[in-house]
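K.L.:
Structure here, sequence nowhere to be found:
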């Protein structure tokens with residue numbers, strides 16, 4: 001009985017070893033092994049302080065909030081009788097930064113898909129309210 005068990009363990013070991021070798025060969029030939037080694041090397045270099053940390057994916061929330069407040073003030077101060085292009089330019093810039101802030105606070109919005117007009121103004125107010133509830137006061 002023990003001899004059969006030894007044969008079973010030997011066959012199992014051979015199967016596991018061959019599957020591990022096939023996995024290693026696949027990673028080696030697909031280039032994935034090289035990427036894994038590079039990622040480990042980069043992590044070690046960062047831990048030792050030899051390599052700078054990665055750049056952030058988005059702008060800081062403070063900067064986005066400052067841009068929102070600045071653009072809201074400029075939009076409110078557009079004098080009557082100014083060319084419509086000026087107001088639309090400020091409005092488009094404000095909507096872009098508002099959508100950026102909404103993305104950072106995980107607030108869903110459809111500002112980019114709505115045409116200018118009443119539905120977009122309603123969506124703008126909804127996003128501003130949702131951001132205020134999340135802790136970012138825009139106006």
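P.N.:
It's in. The structure presented is a predicted model; accordingly, all values stated were derived computationally and were not measured.

K.L.:
and the nearest residue to residue 98 once chain neighbours are set aside, how many neighbours does it have?
P.N.:
Spatial nearest neighbour of residue 98, chain neighbours left out: residue 127 (5.8 Å); criterion: C-beta to C-beta, 6 or more residues apart in numbering. The way it works is simple: take the backbone N, C-alpha and C, and place the C-beta from them, glycine included. Residues near residue 127, counting by other C-beta atoms under 10 Å, number 22.

K.L.:
Next: the one 4 residues further on.
P.N.:
Applying the criterion other C-beta under 10 Å, we find 21 residues in the vicinity of residue 131.

K.L.:
other SSEs contacting the helix or strand encompassing it?
P.N.:
Here residue 131, judged by DSSP states H and E, is contained in helix 118-134. In terms of contacts (3 or more C-beta pairs under 8 Å, 6 or more residues apart in numbering; DSSP states H and E), helix 118-134 is packed against helix 84-104.
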